[in-house]
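A.B. asks: Take this sequence and fold it.
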Amino acid sequence: MKALVTGATGFLGGALIRRLHDMGWNATGLGRNPKKLNELEDLGIFPLRVDISKKEQVFGAMKGQEIVFHCAAFPSPWGNYELFYQANVIGTRNVVRACLENEVKRLVYVSTPSIYFDYNSRMNVKESDPLPEPVSNYARTKLLAEEEIDKGFANGLAVISIRPRALFGEGDTVIFPRLIRRLKSGGLPILGDGENMVDLTYIENALDALLLCAESPDSALGKKYNISNGQPVKIWKLIERICDELKYLRPRRRISYRAAYVAAGVMESVFSLIPFSPEPPLTRFSVSMMANNSSLNISAAQNELGYQPKISIEEGVGRFLKWWKGKNQK
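C.D. replies: Numbers count the residues shown, from 1 in each chain. Okay, the predicted model is just below:
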């Protein structure tokens, strides 16, 4: 099978193209990070340095492809709206149109459950539940990107989408590494009551979901599917395990959700006044994610795609920590 993966220099896209390569697929990795592209080439994977916001580059890359996995995005919780718009909306529009022009057999798109987020606890969220007003530039532009996907489907493109929740695992550069840096510095207090439950998705399970999308029946086309491990965990208990494994002190200091939320709002207001400002040390998004309950209903993916998470959170965290210690504690 001939396939192209956008975002192949990122966490999910990089893991996917390696999986495809190991399966014997003729896979092309598209990305912008020269170092990561060189690493793919060293593995025997064909790399393409492409900016998906550039129409001509995308259209050329799609020629002759059978399946396209669109994993590329600008996923930051903070940043200039135009950066998000170019990567997430224009980039997706270019991918959709290039797939149509080149008669790609199927597009598998990676969306996000961030579009469900509204700063409150939300459990067992279904794909059909009413969507709140987007609270971030990332969520806003990913929702617009889903509209581009829907237009492509209406124009005859065979497309299917997933919304994976909080990806982690070997190669993670975002969720656990950011958390570990805060734990190492001793600067992470317990936010809220410390009993909140959250959904996570181990990377290999997400790859299984993507491959199921590539071979799903036509009845699944045009649909969006929630993906997670399907086993919400107490995030602060998980943090304690990470601390114990890495020999860091467990967080002890507590801050109420309300106090942390207000402080984060003040920081966001101050940082938003600074041109090209970095992400504030505390945001309302991060506070809400660490203090509220959140989980997805994955029954549609289970019933219609045959998705079953094979690797538990317990095992996935163990694999991640083994990889992290090997990488950082030599």
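
A.B. asks: Can you list the low-confidence ranges for the stretch 1-150 of the chain?
C.D. replies: By pLDDT under 70, the stretch 1-150 of the chain has no low-scoring segment.

A.B. asks: contacts for stretch 259-276?
C.D. replies: 78, 80, 119, 189, 191-192, 277-284, 286-288, 291 (CB atoms under 8 Å, 6 or more residues apart in numbering). No exception for glycine: its C-beta is placed from N, CA and C like everyone else's.

A.B. asks: If any of those are buried, put those into a ChimeraX selection.
C.D. replies: Buried residues within the contacts of stretch 259-276, by 16 or more other CB atoms under 10 Å, are selected in ChimeraX with:
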select :78,191,192,279,280,282,283,284,286,287,288,291
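
A.B. asks: Take the contacts of stretch 259-276 and keep only those in helices.
C.D. replies: Secondary structure defined by DSSP state H assigns 284, 286-288, 291 of the contacts of stretch 259-276 to helices.

A.B. asks: Let me have these in a markdown table, extended by pLDDT and distance to residue 38.
C.D. replies: Formatted as a markdown table, the ones in helices among the contacts of stretch 259-276 follow (pLDDT from 0 to 100; distance: CB to CB, whole Å):
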| residue | pLDDT | distance to residue 38 |
| --- | --- | --- |
| 284 | 90 | 39 |
| 286 | 89 | 33 |
| 287 | 92 | 38 |
| 288 | 93 | 38 |
| 291 | 95 | 41 |
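
A.B. asks: which among those residues gets closest to residue 236?
C.D. replies: Closest to residue 236 out of these is residue 291 (9.5 Å), distances taken as CB to CB.

A.B. asks: That closest one contacts residue 254, correct?
C.D. replies: No - counting by CB atoms under 8 Å, residue 291 does not reach residue 254; the two are 10.7 Å apart.

A.B. asks: Give me the packing partners of the helix or strand harbouring residue 180, helices and strands only.
C.D. replies: Here residue 180, judged by DSSP states H and E, is contained in helix 175-185. Here helix 175-185 touches strand 167-168, helix 235-246, helix 313-328, going by 3 or more CB pairs under 8 Å, 6 or more residues apart in numbering; DSSP states H and E.

A.B. asks: could you give the angle of it to helix 235-246?
C.D. replies: Here helix 175-185 runs at an angle of 70 degrees relative to helix 235-246 (axes from the mean of the first three to the mean of the last three CA atoms, to 10 degrees).

A.B. asks: Count the residues that sit near residue 256.
C.D. replies: 12 (other CB atoms under 10 Å).

A.B. asks: Next up, the contacts around the spatially closest residue to it that is not a sequence neighbour.
C.D. replies: Closest residue in space to residue 256, ignoring its immediate chain neighbours: residue 192 at 7.1 Å, by CB to CB, 6 or more residues apart in numbering. Each residue near residue 192 by CB under 8 Å, 6+ apart is listed here: 256-257, 260, 290-292.

A.B. asks: Now stretch 27-35 - C-alpha only, PDB.
C.D. replies: Included here for stretch 27-35 are C-alpha records, laid out as PDB according to Å, rounded to 0.1, in the frame of the first residue of the first chain:
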ATOM      1  CA  ALA A  27       5.200   5.200   3.100                       C
ATOM      2  CA  THR A  28       6.300   8.800   2.500                       C
ATOM      3  CA  GLY A  29       6.800  11.100   5.500                       C
ATOM      4  CA  LEU A  30       5.900  14.700   5.100                       C
ATOM      5  CA  GLY A  31       7.200  17.400   7.600                       C
ATOM      6  CA  ARG A  32       9.300  20.500   8.200                       C
ATOM      7  CA  ASN A  33      11.900  19.400  10.700                       C
ATOM      8  CA  PRO A  34      15.100  18.600   8.700                       C
ATOM      9  CA  LYS A  35      16.700  16.600  11.600                       C
END
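
A.B. asks: Show me what counts as buried in that stretch.
C.D. replies: 27-32.

A.B. asks: Could you do stretch 145-159 as well?
C.D. replies: By neighbour count, and taking 16+ other CB under 10 Å as the criterion, the buried residues in stretch 145-159 are 145-146, 148-150, 152-153, 157-159.

A.B. asks: I'd like the list of those residues that fall within strands, please.
C.D. replies: residue 159 (DSSP state E).

A.B. asks: Which among the helices and strands packed on helix 175-185 is found nearest to residue 88?
C.D. replies: Closest to residue 88 of these, according to CB to CB: strand 167-168, at 16.7 Å.

A.B. asks: gap between that closest one and the chain center?
C.D. replies: Distance, stretch centre to chain centre, for strand 167-168: 7 Å (CA atoms, centre = their mean, to the nearest Å).

A.B. asks: Format the buried residues of stretch 27-35 as CSV; extra columns: secondary structure.
C.D. replies: As requested, the buried residues of stretch 27-35 are exported to CSV (DSSP: H, G, I helix; E, B strand; the rest coil):
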residue, secondary structure
27, strand
28, strand
29, strand
30, strand
31, strand
32, coil
